[in-house]
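Student: A predicted structure for the sequence below; I have some questions about it.
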Amino acid sequence: EIEKYKTYFAGNIYVHNQKGADDTSRTNFPDTAYWNPHLKTDKDGKAEIEIKLPDSLTTWRIAAIANSQEAAFGSQVSEFVVSRDILIRPFLPRFLSVGDEARIGAIVVNTSGEEQTIRAKIEGEGIQIQDNKSQQLVLADGAQTKIVWSTVTGNAKSAKIKLSIEGIDKSLKDAVEMTL
């Protein structure tokens, strides 16, 4: 079962990606992944927790601070990186008004270890896409490029935007969904 997922080991911390469904759109981007000021340790001073990480592709910091009834204190900080072999980083306006003409886009990054042919796509509700909704690009390993679509905001309370990329062989993909 573990073969379906990616597991990483970073600074004595196991990171296990269990997001394996067909639609792997990233939608959850809080600043803090987990906070628990009342975690209790066992008799050896150890605790184990399982944290569902948000969808942010970033460097996460885990900080633990502990104290005992005898006023002994200790702390530890570790970092680990959550990434994908190909990824999309959207750049969107913070808000839109009816009739706004906005250029919506993303930076596409390839860190897969080899050149990739990638199809980038935009989908939207409450917004009209003026350009071709799908673009194909070829990215060398370690390369990144900017893609942009012209849009016009419709008469809606919000606009839902989904930006996605997929390798031509469909083995690598990333998608981000956001509402403005």
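Tutor: Nice, I can see it. Because the structure is a prediction, the values reported are computed rather than measured. Numbers count the residues shown, from 1 in each chain.
Student: those strands in this protein, which residues are they?
Tutor: 6-10, 13-17, 59-67, 73-81, 86-91, 101-110, 116-125, 127-129, 134-139, 144-153, 160-167, 173-179 (DSSP state E).
Student: State the pLDDT value of the residue located most distally from the centre of the chain.
Tutor: Residue farthest from the centre of the chain, counting by C-alpha atoms, centre = their mean, is E70 at 41.8 Å. As predicted, E70 sits at a pLDDT of 87.
Student: What distance do you get for it to G45?
Tutor: According to C-beta to C-beta, to the nearest Å, E70 stands 12 Å off from G45. Quick note: C-beta positions are derived from backbone N, CA and C, even for glycine.
Student: tell me, what's touching those two both at once?
Tutor: In terms of C-beta atoms under 8 Å, 6 or more residues apart in numbering, E70 and G45 are not both contacted by any residue.
Student: Need the residue closest to the centroid of this protein.
Tutor: The structure's the chain has its C-alpha centroid closest to S56; by C-alpha atoms, centre = their mean the separation is 3.4 Å.
Student: which one is A156 nearest to, not counting chain neighbours?
Tutor: Leaving aside its sequence neighbours, A156 sits nearest to G126 (C-beta to C-beta, 6 or more residues apart in numbering; 3.3 Å).
Student: any idea how far D42 lies from E70?
Tutor: 17 Å.
Student: no no, I147
Tutor: On the measure of C-beta to C-beta, I147 and E70 end up 58 Å apart.
Student: same deal with Q136?
Tutor: Distance from Q136 to E70, counting by C-beta to C-beta: 64 Å.
Student: Residues touching stretch 155-165, excluding its own?
Tutor: The contact list for stretch 155-165, computed with C-beta under 8 Å, 6+ apart, reads 25, 86-88, 90, 92, 96, 98, 104, 106, 108, 118-127, 153, 173-180.
Student: What's the PyMOL line that selects buried ones from these?
Tutor: Filtering these down to the buried ones (16 or more other C-beta atoms under 10 Å) takes a single PyMOL command:
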select buried, resi 25+86+87+88+90+92+96+104+106+108+118+120+121+122+124+126+127+153+173+174+175+176+177+180
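Student: now do the same end-to-end measure for stretch 56-70.
Tutor: 39 Å (C-alpha to C-alpha, to the nearest Å).
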